[in-house]
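K.L.:
With the sequence up front, the predicted model follows.
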Amino acid sequence: MTTQRRFRGILFDLDGVLYVDVQPVPGAAEVVRKIRDRGIACRFLTNTSTMALESLHRKLLELGLPVERNEIISAPQAALRYLRQESRGRCCLLLSEDVKRDFAVVDQADLDHADTIVLGDLGDELDYALLNRIFNRLMQGACLIAIHRNRFWQTEQGLRMDIGGFVAALEYCSGREAVVMGKPSPDFFRVALRDMGVQAGDAALVGDDIEADVGGAQGVGIYGILVRTGKFRQSVVEASPVRPDAIIDSVRDLPALLGVA
Ligand SMILES: [Mg+2]
């Protein structure tokens, strides 16, 4: 199957598409090279929010994937790009220390003087006192950028509430909507499109998550391609209201689909 569409930019989801756990998907590196050789822009999207760019880049290189540092858009990197694309004044970074290192270029202020508050994974530091300070700053007109809005995650000690609930609480109490990074947020995909200088109608996304990847991308007008690797499950696809524009067995079949084989 080959689509008649010609794309100027491709967004690759990382885990489940180019690698699964620590194993590269066969042919993935070659596919990226082939697409780039055709002059098509590539960006690599991940919801990972706890790794600094350097660590993420090193991981991809170790897997043999030909990815440039500036092509990786993790949720924190998207926030950083968003801050550059929009002028958002002085920022308070409520992020883990490792991730914060990537934000050195950002004009910073403490919470009580910030125009923008960037909220990420803080663990136990995110308590009522801090939430209330964020709330008060939002009431004074500051803007909230959430690195993601996940509900919970699994730890060895059991489930833990993630920041999504706190973001929802801050939105509810302040009556102000947060800008949310990470898939499936439209803001995240728009940041990636702007970074490539490509319109949604000229872009395709390849992902293994029908909702977060394909559904999210289609929501902003991007062509959504689902791969049958990673977390792909036929039963999930059948139960989902999302209809991918194309389904391929593996990223290896992408050049044929795009007509660049
Ligand atoms: Mg994935």
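P.N.:
All right, it came through fine.
K.L.:
Please parse the chain into its domains.
P.N.:
9-47+184-258, 88-180 (automatic domain parsing).
K.L.:
Determine which stretch of those is the most buried.
P.N.:
Greatest average neighbour count among these goes to domain 9-47+184-258 (a mean of 19), per mean count of other Cβ atoms under 10 Å. Every C-beta, even on glycine, is put in place using the N, C-alpha and C of the backbone.
K.L.:
and it, how far apart are its ends?
P.N.:
End-to-end distance of domain 9-47+184-258: 11 Å, with Cα to Cα, to the nearest Å as the criterion.
K.L.:
Then stretch 8-26?
P.N.:
24 Å.
K.L.:
Same check on stretch 170-182?
P.N.:
End-to-end distance for stretch 170-182: 18 Å, by Cα to Cα.
K.L.:
With stretch 34-45 instead?
P.N.:
19 Å.
K.L.:
For the lowest-mean-pLDDT helix or strand in the chain, report the contacting residues that lie outside it.
P.N.:
Lowest by mean pLDDT, DSSP states H and E among the helices and strands of the chain is strand 152-155, with a mean of 82. With Cβ atoms under 8 Å, 6 or more residues apart in numbering as the test, strand 152-155 has contacts from L159, R160, M161, D162.
K.L.:
near the ion, which residues of the chain?
P.N.:
Counting by Cβ under 5 Å from the ion, the residues of the chain lying close to the ion are D13, D15, G16, D208.
K.L.:
TSV for those residues, including secondary structure and pLDDT?
P.N.:
TSV is the format used below for the residues of the chain next to the ion (DSSP: H, G, I helix; E, B strand; the rest coil; pLDDT from 0 to 100):
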residue	secondary structure	pLDDT
D13	strand	96
D15	strand	92
G16	coil	93
D208	coil	95
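K.L.:
Going along the chain, name the helices of the stretch 101-250 of the chain.
P.N.:
128-139, 163-174, 186-196, 216-219, 234-239 (DSSP state H, counting those that start in this stretch).
K.L.:
and the shortest one, what does it pack onto?
P.N.:
Spelled out, that is helix 216-219. helix 186-196, strand 223-227 (3 or more Cβ pairs under 8 Å, 6 or more residues apart in numbering; DSSP states H and E).
K.L.:
can you tell which of these is closest to E238?
P.N.:
strand 223-227 (12.3 Å; Cβ to Cβ).
K.L.:
which neighbours does that closest one have in its sheet, and in what orientation?
P.N.:
strand 203-207 (parallel), strand 246-248 (parallel) (DSSP bridges).
K.L.:
quick one: average confidence on the helix or strand following the last one?
P.N.:
For strand 246-248, the succeeding helix or strand toward the C-terminus, using DSSP states H and E, is helix 254-258. The pLDDT scores in helix 254-258 average 97.
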